[in-house]
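Colleague: Only the shape, not the letters, is given here:
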């Protein structure tokens, strides 16, 4: 055996040892990765189950709220229809009542004004002779 063959055998053995060490490191890393995946699976499966239960409960609540909104819309439509009907039924009598109220108020004011004029007017007027004298005095002052 010559020196070159011995060197090649040594290099091959060293290369084989290096590859064996790399394979051993890869095997250890894969085992660690497998354990990590199992831990994640153990932790996430209950969380996913709880999430599914929460989503199912939320869907039930959404259906309930949707039902309540439908009921509220129906009630609103009925109230609007009832209000419109009440307005149609009560409009004519209310207009008549309002106009009667205005007419009564105007009549009461007219009667009150006439009563004041009639009761106050005679007290404020001077006797006819005194009125004529007062007019004559005014005319004479203007002329003079």
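Modeller: Perfect, thanks for sending it. In this text, all values refer to a predicted model and were calculated from it rather than measured experimentally. Residues are numbered from 1 along each chain as shown.
Colleague: any idea how far residue 49 is from residue 61?
Modeller: Distance, residue 61 to residue 49, using CB to CB, to the nearest Å: 19 Å. Bear in mind the C-beta positions are built from the backbone N, C-alpha and C, glycine included.
Colleague: and residue 11, how far is that from residue 91?
Modeller: Counting by CB to CB - residue 11 and residue 91 are separated by 111 Å.
Colleague: nope, residue 24 is what I meant
Modeller: Remark: distance between residue 24 and residue 91 (CB to CB) = 97 Å.
Colleague: Residue 33 too?
Modeller: For residue 33 relative to residue 91 (CB to CB), the value is 82 Å.
Colleague: With residue 110 instead?
Modeller: Counting by CB to CB, the separation of residue 110 from residue 91 is 29 Å.
Colleague: what about the chain, any weak spots by pLDDT?
Modeller: The chain contains residues with pLDDT under 70 at 1, 115-144.
Colleague: Sticking with the residue nearest to the spatial centre of it, tell me its helix or strand.
Modeller: In the chain, the centroid-proximal residue (CA atoms, centre = their mean) is residue 69; its distance is 13.9 Å. If you go by DSSP states H and E, residue 69 is part of helix 3-124.
Colleague: next one: that helix to chain centre, how far?
Modeller: Taking CA atoms, centre = their mean, to the nearest Å, one finds helix 3-124 lying 12 Å from the centre of the chain it belongs to.
Colleague: which helices and strands does that helix pack with?
Modeller: With contacts taken as 3 or more CB pairs under 8 Å, 6 or more residues apart in numbering; DSSP states H and E, helix 3-124 sits against no other helix or strand.
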